Every structure is written in C-alpha cells, then in structure tokens.
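>>> need a 3D model of the sequence below.
(one chain, ligands or ions: 1)
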Amino acid sequence: MRNPLMPDYMFRTFDEVTPEFLSALGVRAVLADIDNTLAPYEQPEPDERIRGWIASLAAAGISIAFVSNNNAERVELSNRTLGVPAYPKSGKPFKKNLAKAMAAVGGTPDTTVVLGDQLLTDALAGHNLGVRCIIVPPIRDKKNGFFRFKRWLERPFVKRFKKRNGIAW
Ligand SMILES: [Mg+2]
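Numbers count the residues shown, from 1 in each chain. From the prediction side, this is the model:
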C-alpha cells in the first residue's frame with residue numbers, strides 16, 4: 001500500500017498547478033489549504049495572483065473550496081471577496097469536512113484533489129478521503145518548535161518523492 005503521507009504531485013507554487021495540468025488528470029474540484037499554500041499567515045486577503053489563479057481554474061470548469069485548520073475569522077477574510085465554499089477549523093487530517101467540501105463543489109474522489117503544504121495534515125486528510133494530493137513547499141513557515149518538528153517529520157517523505165520524480169529544487 002502507498003504511504004498516505006507521500007504526495008501524489010509536488011509543485012513549487014500553487015499557481016504552477018495549472019488548469020491544463022488539472023484537466024489532464026480529470027480534476028474538476030480543488031480542496032485548497034490557505035495558510036502557507038496560497039498565502040503566508042500574515043496576508044489576510046487574497047492578492048491578484050490568488051484571484052487570477054482561481055479565475056483561471058473557474059474558466060476551465062474547475063471549482064475550488066477552502067479547507068483550513070485556521071479559525072473562521074481568517075478563512076472569512078480570505079474568502080470574503082471570493083465566496084467559495086469554505087471550511088475553517090476543518091480538522092485535517094480527518095476527512096469529515098473535506099468530504100463536505102467535496103460534496104459542496106460537486107466533486108468525487110476521482111475528480112478531486114487536495115492542495116496543501118503539509119503532509120501530516122493536508123496529504124493525510126486527502127488520502128483519508130481517497131483523493132490525490134498536490135503538495136507545495138510552505139510559503140513562509142512559522143519558526144516555532146512545533147512547526148520545525150512537523151517539517152522534520154515530513155522531510156524524508158519529501159526527499160524520497162523528489163528523488164523518485166527527479167525533482168531538483
Ligand atoms: Mg498550510
């Protein structure tokens with residue numbers, strides 16, 4: 001069996017995950033993490049890059065929902081001008097709210113991906129749901145001990161993935 005922490009795909013940034021790439025995989029729905037995947041913790045509202053990317057997905061018929069372990073205030077600020085289905089305090093790595101998000105955007109396990117920056121929450125939650133997971137490196141990590149510990153736990157999986165897939169960055 002596949003290791004549930006192992007990403008299915010890795011990209012350097014969220015907007016390298018293009019509508020063309022997703023369409024080629026048959027993806028119609030993206031369940032996206034916010035913090036450190038789309039924006040650093042300090043950035044409350046989506047910038048032009050995030051909006052442009054979401055608009056490009058929408059133009060290709062790909063829906064997005066936010067699935068964040070952060071609080072409702074943070075998620076609402078991110079989503080205020082976007083208005084996509086959003087699930088704060090989503091409880092990743094558990095799949096309950098991801099399943100709700102997937103249903104809200106009309107996805108099925110075959111047509112949905114999770115996009116995030118953490119293997120222990122995002123990848124694990126996605127694999128618990130039975131969907132493919134795309135991982136990007138964190139935009140700007142918190143420097144506290146807990147985060148360092150989590151990154152340390154993730155490192156061998158990221159390393160193995162990159163080696164297997166010939167990723168040099
Ligand atoms: Mg994150």
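
>>> show me the contact partners of the helix or strand of the chain with the lowest mean pLDDT.
In the chain, no helix or strand scores lower on mean pLDDT, DSSP states H and E than helix 145-165, which sits at a mean of 94. With Cβ atoms under 8 Å, 6 or more residues apart in numbering as the test, helix 145-165 has contacts from 3, 5-7, 10, 118-120, 135, 138, 141, 167-169. (Each C-beta comes from the backbone N, C-alpha and C, glycine too.)

>>> got the residues you listed as CSV, with neighbour count columns?
Shown next, in CSV, are these (neighbours: other Cβ atoms under 10 Å):
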residue, neighbour count
Asn3, 11
Leu5, 20
Met6, 16
Pro7, 24
Met10, 17
Gln118, 25
Leu119, 25
Leu120, 16
Ile135, 27
Pro138, 19
Asp141, 16
Ile167, 12
Ala168, 4
Trp169, 7
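
>>> just the ones of those residues in strands?
Among the contacts of helix 145-165, the ones falling in strands (DSSP state E) are Met10, Ile135.
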